[in-house]
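# the sequence and its predicted three-dimensional model are supplied below.
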Amino acid sequence: MNWIHWLVWGFSGTVVLTSILAASQGFGLTRMNIPYLLGTMFTPNRDRAKFIGFFLHFANGWIFALFYVAVFHVFGMATWWFGAIIGLSQAIFVLTLLMPILPALHPRMANEQCGPTVVRQLEPPGFLGLHYGWRTPISVLLAHTIFGGILGAFYVMK
């Protein structure tokens, strides 16, 4: 395994992925903010949540990059298109399976059946993250596909 390439390209891919998602929110394409959602799992303080979530998101990016690298080694290839396929698969998993169950995992997120409470004030993302806007799945699919493409294109197998 090429540890330096995993660190460098995992970080770089995460920077690009995070930038795409932040730009999507900034341009009004989605209301979803993953670092904020991650951070609010650990603190109710909104400003601190953004800070904590930012670092958690980058740590997750490195962890997922390690998974991608493992898949590259299992299949014996690392190409931009193979990485993009893995990224697309991850995005589909996140949108269809993880987003709908997020309220069960998140201590401050309302669920679709009971609605918000004093503690659970965050809106649940719903299937495909559609509660955060109909363009949310587009930005998630695009960001994760590019993340995988970057890892596949630049990771050099030893």
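Everything's here; your move. Numbering: from 1, shown residues only.

# residues in contact with the residue nearest to the spatial centre of the chain?
Nearest to the mean C-alpha position of the chain, counting by CA atoms, centre = their mean, stands Ile34 at 6.6 Å. By CB atoms under 8 Å, 6 or more residues apart in numbering, the contact list for Ile34 reads Thr18, Leu21, Gly53, His57. For glycine as for every other residue, the C-beta is placed from the backbone atoms N, C-alpha and C.

# give the phi and psi angles for it, as a check.
phi -60, psi -50 (degrees, to the nearest 10).

# picking that back up, could you dump the contacts of Ile34 into a markdown table with neighbour count and pLDDT added?
Output for the contacts of Ile34, formatted as a markdown table (neighbours: other CB atoms under 10 Å; pLDDT from 0 to 100):
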| residue | neighbour count | pLDDT |
| --- | --- | --- |
| Thr18 | 18 | 94 |
| Leu21 | 23 | 93 |
| Gly53 | 22 | 94 |
| His57 | 20 | 94 |
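
# what's the farthest-apart pair in the residues you listed?
Taking CB to CB as the measure, the contacts of Ile34 span a maximum distance of 11.8 Å, between Leu21 and Gly53.

# and the top helix by length along the chain, what other elements does it pack with?
For the chain, the longest helix by residue count, based on DSSP state H, is helix 46-75. Judged by 3 or more CB pairs under 8 Å, 6 or more residues apart in numbering; DSSP states H and E, helix 46-75 is in contact with helix 3-26, helix 34-39, helix 80-93, helix 136-154.

# out of those, flag the one nearest Gln113.
helix 34-39 (19.5 Å).

# okay, the helices and strands packed on helix 46-75 in CSV with distance to Asn45 next?
CSV is the format used below for the helices and strands packed on helix 46-75 (distance: least, CB to CB, whole Å):
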stretch, distance to Asn45
helix 3-26, 20
helix 34-39, 9
helix 80-93, 30
helix 136-154, 25
